[in-house]
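A.B. asks: only geometry, no sequence info:
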């Protein structure tokens, strides 16, 4: 009994302990942050808040991308939010920035921004950001962040009109009213962008400039002090001229919150928001003072850059900046940076001259450029890095080095010189020709493959008289004479290649005649035209399908007649009928032909060569 | 026995409370995460905390109110000038740059008073509107402006029809 009690008590204690343990585990789960903080205040560099190459890059977002971004920040506008007690809140309906529109006036060009021919047309807030960004040469992302840091307009789900009125804080001094001259959303965005340009174009008139060592206060309250900073670039100077405060340590220690009574947040928030929304404000190409090796930083990884060519292909992700050995070692070293990059676990791109070209197939264009889809072959980049690379066309197999007359066909990691423009057109297939122009350095990293000819080209080697017809880029048919190629309509000059090049082609064991198979159709070529041959006609002529060689690439270059091969043929002045025994029967007169074919539904004749009719056995004359 | 039972009951109750609390907190946390997930934009931009943004938006609204109050006060006629602060950002023997915070206007006068012992040099420039404050046009100095080398004390002051104020003193070395 006693033992039972003890046992029962033990079970109970164990059960209670278990429950407590489970509870504690669950409680502890609450304190594991679901997402590690992306950014640390220690990374803030007061001397370089943002690189010029980032701040003045107006090409980062299209108007549609800006609109999509605004939509994403406010998936649902709280149009009918309850009116607050504030006298500045007019009450619903509220209009979010994603839906905001405004008439844009004409603004004459000046030293800082090109002209805006708004002419009173109503534009969306996103379009206005895009227009101002384009005319003044400011990154639209910087303007988006400015609107957020000044008035929270990007994320506010029920903004008040007063926030649009002073959207970028332009003309709004600390502790004093905003200047009515600069009221209005367009005015605010435009004047801010123009002012940023003015700062960098006339730095001598302003407090902060690149290379100058200046005192930057922590707060409008002079008693809070400040610190001297040698500002590294114009964009950072522009931000300080606009908002002349730097974050103090308390503001940096609590990057996503408030610091102390002496903190100011404008430039800290600009930096933080830009990083969170659009990626690094600084170039991602780094080196240490002691080691000239350059790396691309991406997420937690670093990719060594092997040579100047790769560096220049990714220059848009620069400029190169120095980091300490400690910072460098905090990134995981990956295989060398590849010209093939991957976006967010998905699409693959080929990168040349900071332009990204889509790659569609592992066995197709990826293999053509000498890659596979295996890990390590491509470098995964962050979305913002992918976005910084300009959008190019899809990768093409035909490429041309910039400034060169040569054109190459990319195949199995080699570049095959294409023999002539005619070959380019034939390799390309249907017009227009799609061919990317790449940097010579990039193209020349590939070794040459064999000379490439288009389908239908007659080719020979310099050491032999044998002539072949190119069916596909790596396949040729031998021919016994030019009669059959003339019949198929494959003519033109004979291209010459080396015998080594010819060895890279497969030479068909079958000699090409005037019969080709293209898909489900068989064609007979005569006088340069190709006529489809139906199964009954095959029987009539006594042909078998084995005589029709695979047309491959030839199918796209031969001239196919809309008329099928029939029983009536005309060669010179003679007209023939092909009878059920496969014999040709000449007509004694034209009227005999007319009468005969009228009795067979007036199919008419097709014109053929005398060579072709000579291959058909003769029967009796029809009179 | 009853003590044991009480203590047992207490332990069971405590355990249940912890479990229920933890489950509720975990569920809430998950729900919050789900909510956050559901509001993730479909585009590829890096996310920061939505709650943080929301709170910033509300803080901004409070600031909007504060500023509007300032505008209201400013519209009421006042005979006294507003006190503003002047900040020297760079003082050298050849130039002084500075700005005035708390005012956005053209036409005020920025005055540099440079002293050493009984010697005093006074230079002025105009203030002009600059985004969120008033910038003083740089004041340029020549070596001939200084009767002697050594440490000189610079103080900037600002005066306009609406505002006045001065900076802290900054020393410059004249060779």
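C.D. replies: Good, I have the coordinates. Note that the structure is predicted; figures quoted are calculated from it, not measured.
A.B. asks: Run through the chain and note the low-pLDDT ranges.
C.D. replies: Since no chain was named, I'll use chain A. Along chain A, segments meeting pLDDT under 70 span A:1-38.
A.B. asks: my question was about chain B
C.D. replies: Residue ranges of chain B with pLDDT under 70: B:1-55, B:70-78.
A.B. asks: Repeat the analysis, applying 50 as the threshold.
C.D. replies: B:1-5, B:21, B:23-49 (pLDDT under 50).
A.B. asks: Strands of that one, start to end?
C.D. replies: Here chain B has its strands, by DSSP state E, at B:82-83, B:85-91, B:95-101, B:109-116, B:119-130, B:133-140, B:150-159, B:163-166, B:170-174.
A.B. asks: For the ones you listed, state which one has the densest average packing.
C.D. replies: Mean neighbour count (mean count of other C-beta atoms under 10 Å in any protein chain shown) peaks for strand B:95-101 among those, with a mean of 25. Where you see a C-beta, it was placed from the backbone N, CA and C, and this is true even at glycine.
A.B. asks: coming back round to it: closest to residue A:407 out of the strands of chain B?
C.D. replies: When those are compared by C-beta to C-beta, strand B:119-130 sits nearest residue A:407, at 55.5 Å.
A.B. asks: Run the contact check for the closest one versus chain A.
C.D. replies: Yes: Strand B:119-130 reaches chain A (C-beta under 8 Å from any C-beta of the partner chain) through B:129-130.
A.B. asks: buried ones in stretch A:601-609?
C.D. replies: Across stretch A:601-609, burial judged by 16 or more other C-beta atoms under 10 Å in any protein chain shown covers A:605-606, A:608-609.
A.B. asks: same deal with stretch A:298-306?
C.D. replies: Buried residues in stretch A:298-306, counted by 16+ other C-beta under 10 Å: A:298, A:301-303, A:305.
A.B. asks: Please identify which of those is nearest to chain B.
C.D. replies: Proximity of the buried residues of stretch A:298-306 to chain B (C-beta to the nearest C-beta) peaks at residue A:298, which lies at 12.7 Å.
A.B. asks: Phi and psi next, for that closest one.
C.D. replies: With angles defined as degrees, to the nearest 10, residue A:298 sits at phi -150, psi 120.
A.B. asks: That one touches residue A:382, doesn't it?
C.D. replies: Yes: using C-beta atoms under 8 Å, residue A:298 is in contact with residue A:382, at 5.5 Å.
A.B. asks: Mind checking which of the buried residues of stretch A:298-306 land in strands?
C.D. replies: Counted as lying in strands by DSSP E, out of the buried residues of stretch A:298-306, are A:298, A:301-303.
A.B. asks: can you count the residues close to the residue of the stretch 1-150 of chain A found nearest chain B?
C.D. replies: When scored by C-beta to the nearest C-beta, the stretch 1-150 of chain A has residue A:72 as its residue closest to chain B, at 2.6 Å. Residue A:72 is surrounded by 19 other residues when neighbours are defined as other C-beta atoms under 10 Å in any protein chain shown.
A.B. asks: circling back to that earlier point, select, out of the strands of chain B, the one closest to residue A:509.
C.D. replies: Between the strands of chain B, strand B:119-130 lies closest to residue A:509; by C-beta to C-beta that is 83.7 Å.
A.B. asks: helices or strands up against the closest one?
C.D. replies: Applying 3 or more C-beta pairs under 8 Å, 6 or more residues apart in numbering or on different chains; DSSP states H and E, one finds that strand B:119-130 makes contact with strand B:95-101, strand B:109-116, strand B:133-140.
A.B. asks: repeat that for 6 Å
C.D. replies: Contact partners of strand B:119-130 among helices and strands, from 3 or more C-beta pairs under 6 Å, 6 or more residues apart in numbering or on different chains; DSSP states H and E: strand B:109-116, strand B:133-140.
A.B. asks: so can I have TSV of these showing distance to residue A:377?
C.D. replies: Listed next are those as TSV, based on distance: least, C-beta to C-beta, whole Å:
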stretch	distance to residue A:377
strand B:109-116	62
strand B:133-140	54
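A.B. asks: With respect to chain A, which of those strands lies nearest?
C.D. replies: Closest among the helices and strands packed on strand B:119-130, using C-beta to the nearest C-beta: strand B:133-140, at 5.2 Å.
A.B. asks: Report the angle between the closest one and strand B:150-159.
C.D. replies: Interaxial angle, strand B:133-140 versus strand B:150-159 (axes from the mean of the first three to the mean of the last three C-alpha atoms, to 10 degrees): 140 degrees.
A.B. asks: and strand B:133-140, anywhere near chain A?
C.D. replies: Yes: applying C-beta under 6 Å from any C-beta of the partner chain, one finds strand B:133-140 in contact with chain A at residue B:133.
A.B. asks: ok, that strand: who's next to it in the sheet?
C.D. replies: With DSSP bridges as the test, strand B:133-140 is paired with strand B:95-101 (antiparallel), strand B:119-130 (antiparallel).
A.B. asks: Give me the contacts around the last one.
C.D. replies: I take that to be strand B:119-130. For strand B:119-130, the surrounding residues in contact (C-beta atoms under 6 Å, 6 or more residues apart in numbering or on different chains) are B:104, B:106, B:108-114, B:134-137, B:139, B:145, B:147.
A.B. asks: so which strand or helix has residue A:400?
C.D. replies: Using DSSP states H and E, residue A:400 maps to strand A:398-401.
A.B. asks: Distance from that strand to the middle of the chain?
C.D. replies: 18 Å (C-alpha atoms, centre = their mean, to the nearest Å).
A.B. asks: That strand - contacts with which helices or strands?
C.D. replies: On a contact count with 3+ C-beta pairs under 6 Å, 6+ apart, strand A:398-401 meets strand A:436-438, helix A:440-444.
A.B. asks: Number of residues surrounding the nearest residue to residue A:324 once chain neighbours are set aside?
C.D. replies: Leaving aside its sequence neighbours, residue A:324 sits nearest to residue A:288 (C-beta to C-beta, 6 or more residues apart in numbering or on different chains; 6.6 Å). By the criterion of other C-beta under 10 Å, residue A:288 has 17 neighbours.
A.B. asks: and the gap between residue A:288 and chain B?
C.D. replies: Distance of residue A:288 to chain B, computed by C-beta to the nearest C-beta, to the nearest Å: 26 Å.
A.B. asks: looking at the helices and strands packed on strand B:119-130, which is closest to residue A:327?
C.D. replies: Between residue A:327 and these, the tightest spacing by C-beta to C-beta is seen for strand B:133-140, at 34.8 Å.
A.B. asks: and the stretch 151-300 of chain A, which residues reach chain B?
C.D. replies: Counting by C-beta under 6 Å from any C-beta, the stretch 151-300 of chain A sits next to chain B at A:151-152, A:155-156, A:162, A:169-177, A:179, A:195, A:207, A:214-215, A:217, A:220, A:222, A:242, A:256, A:276-277.
A.B. asks: Filter those residues down to the buried ones, PyMOL style.
C.D. replies: Here is the PyMOL command that picks out the buried ones among these, judged by 16+ other C-beta under 10 Å:
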select buried, chain A and resi 151+152+155+156+162+169+170+171+172+173+174+175+176+177+195+207+214+215+217+220+222+242+256+276+277
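A.B. asks: Sort out for me which of the residues of the stretch 151-300 of chain A next to chain B are in strands.
C.D. replies: Filtering those for strands - DSSP E - leaves A:214-215, A:217.
A.B. asks: which bits of the stretch 301-450 of chain A sit near chain B?
C.D. replies: Contact residues (C-beta under 6 Å from any C-beta) of the stretch 301-450 of chain A with chain B: residue A:383.
A.B. asks: let's see it at 8 Å
C.D. replies: Residues of the stretch 301-450 of chain A found near chain B (C-beta under 8 Å from any C-beta) are A:343-344, A:382-384, A:386-387.
A.B. asks: Pipe those into TSV and attach neighbour count per row.
C.D. replies: Listed next are those as TSV, based on neighbours: other C-beta atoms under 10 Å in any protein chain shown:
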residue	neighbour count
A:343	19
A:344	11
A:382	20
A:383	15
A:384	21
A:386	22
A:387	21
